[in-house]
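Peer 1: Sharing a model that was predicted from the sequence below.
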Amino acid sequence: MGSEHTASPDESSAAPTSVPVGEFTFRVRFDGPQDGPPVVLLHGFPTTHRSWDAVTPLLTAEGLRTIAPDQRGYSPDARPADVADYDVEHLAGDVVGLLDALGLETAHVVGHDWGAVVAWVTAARHPERVSRLTALSVPHPAAYSWAVREDADQRERASYISLLRQRGKAEHVLLDDGARRLRAMYGDSMPDEYVEAYLDVLADPDALTAALAWYRSMGRELEATPAVAMPTTFVWSSSDVAIGRAGAQRCHEFVDAPYRFVEVTGSHWIPEEQPRRVADAVLTPFD
């Protein structure tokens, strides 16, 4: 899969900019023409805005303006201590706040992993701010919640979450022995330069605790996420160890608009390993 790369973290063309949003300040990387159609790129766990480094050149080459923040907990100046501050409604609110700070009425919102969850919730709760949605790996939260409840395969795939919700124990397990287990989460197919870029942030215990707070704040409200009502593309990998087919195939039930399902092969790490497929998902128009 690595042969598809068009860029690496070390080839990043733009340093992050500090953007105040309410009481916090986020690190945000901007690429492309300032007047280009805006695309917000939301990373997941355990990555950062650098996960989009191979995707952004493909989007900006088509005239888009990409906006890739380090989300709440990942940006040092947006790292509250209370787990409740990482409720998904706050995370979606950060996206809306970022659009407000940039003077943007709407944007195409793209998310991977936890970033996909935030993208789904932003689109569902703030539909007037999302012109189009592209979600990678994680289906609509109601579809995922159903799969965890009803599908034995998905329950097994999600079993790791119980460890991540245990404050203190998860940090110790992931960072012990030179962050060996955290490194292992990226798998063998993730290029080393990405792993090192992510560990530059997440090897800091405070940053890791903040990132894990996303899991620790999870509640039943995700299952109650409304359907989305804008053109939506969902990209899922058949070899994803965390997300099974059951929820992926039910995702369409929670989109009340034109919908496209794209199945790819490869690991969970779609932006890093398959940037061309991601860019095509973003760029391909709906008929």
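Peer 2: Structure's in. What do you need?

Peer 1: quick one, what contacts the spatially most central residue of the chain?
Peer 2: Residue closest to the average C-alpha location in the chain (Cα atoms, centre = their mean): G115, at 2.2 Å. Counting by Cβ atoms under 8 Å, 6 or more residues apart in numbering, G115 touches L41, L42, H43, G44, Q71, L136. Using the backbone N, CA and C atoms, a C-beta is placed for each residue, glycine as well.

Peer 1: let's go with 6 Å and repeat that
Peer 2: G115 is in contact with L42, H43, G44, counting by Cβ atoms under 6 Å, 6 or more residues apart in numbering.

Peer 1: which residues does the first one bridge with?
Peer 2: So the one you mean is L42. As for beta bridges, L42 partners with G111 under DSSP bridges.

Peer 1: Could you double-check that it sits in contact with V117?
Peer 2: No. Contact criterion Cβ atoms under 6 Å: L42 and V117 do not qualify, at 9.0 Å.

Peer 1: between these two, who's got more neighbours?
Peer 2: A direct count of neighbours by other Cβ atoms under 10 Å for L42 and V117 places L42 higher, at 30 against 27.

Peer 1: can you give me the helices for this structure?
Peer 2: 56-60, 88-101, 114-125, 141-150, 152-157, 161-164, 169-184, 192-202, 205-216, 245-250, 270-273, 275-283 (DSSP state H).

Peer 1: Output the contacting helices and strands for the last one.
Peer 2: With contacts defined as 3 or more Cβ pairs under 6 Å, 6 or more residues apart in numbering; DSSP states H and E, helix 275-283 has no helix or strand neighbours.

Peer 1: Can you list the neighbours in contact with that helix?
Peer 2: Helix 275-283 is contacted from outside by 4, 6, 54-55, 58-59, 62, 110, 134, 233, 235, 262, 264, 271, using Cβ under 6 Å, 6+ apart.

Peer 1: got the CA positions of it in PDB?
Peer 2: Extracted C-alpha coordinates of helix 275-283, given in PDB (Å, rounded to 0.1, in the frame of the first residue of the first chain):
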ATOM      1  CA  PRO A 275      -4.300   9.100  -0.300                       C
ATOM      2  CA  ARG A 276      -5.400   8.800  -3.900                       C
ATOM      3  CA  ARG A 277      -8.600   6.900  -2.900                       C
ATOM      4  CA  VAL A 278      -9.300   9.500  -0.300                       C
ATOM      5  CA  ALA A 279      -8.800  12.400  -2.700                       C
ATOM      6  CA  ASP A 280     -11.000  10.700  -5.300                       C
ATOM      7  CA  ALA A 281     -13.800  10.300  -2.600                       C
ATOM      8  CA  VAL A 282     -13.600  14.000  -1.800                       C
ATOM      9  CA  LEU A 283     -13.300  15.200  -5.400                       C
END
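
Peer 1: Which residues in it does the neighbour count mark as buried?
Peer 2: Residues P275, R277, V278, A279, A281, V282 are the ones in helix 275-283 that count as buried (16 or more other Cβ atoms under 10 Å).

Peer 1: Out of those, the closest to R125 would be?
Peer 2: Using Cβ to Cβ, V282 is the member of those that sits closest to R125, with 21.7 Å.

Peer 1: L64 versus the closest one, what's the distance?
Peer 2: Distance of V282 to L64, given as Cβ to Cβ, to the nearest Å: 8 Å.

Peer 1: try V241
Peer 2: Using Cβ to Cβ, V241 is found at 31 Å from L64.

Peer 1: where in this protein is pLDDT low?
Peer 2: Applying pLDDT under 70 to the chain flags residues 1-13.

Peer 1: Comparing V241 and L64, which residue is more hemmed in?
Peer 2: Neighbours were counted for V241 and for L64 using other Cβ under 10 Å; L64 has more, 21 against 12.

Peer 1: pretty sure that one contacts D35?
Peer 2: No. Between L64 and D35 there is no contact under Cβ under 6 Å: 10.8 Å.

Peer 1: ok, back up a step: which one of the contacts of G115 is nearest to D206?
Peer 2: The closest of those to D206 turns out to be H43 (Cβ to Cβ; 18.1 Å).

Peer 1: residues contacting that closest one?
Peer 2: Contact analysis of H43 by Cβ under 6 Å, 6+ apart lists H49, S51, G115.
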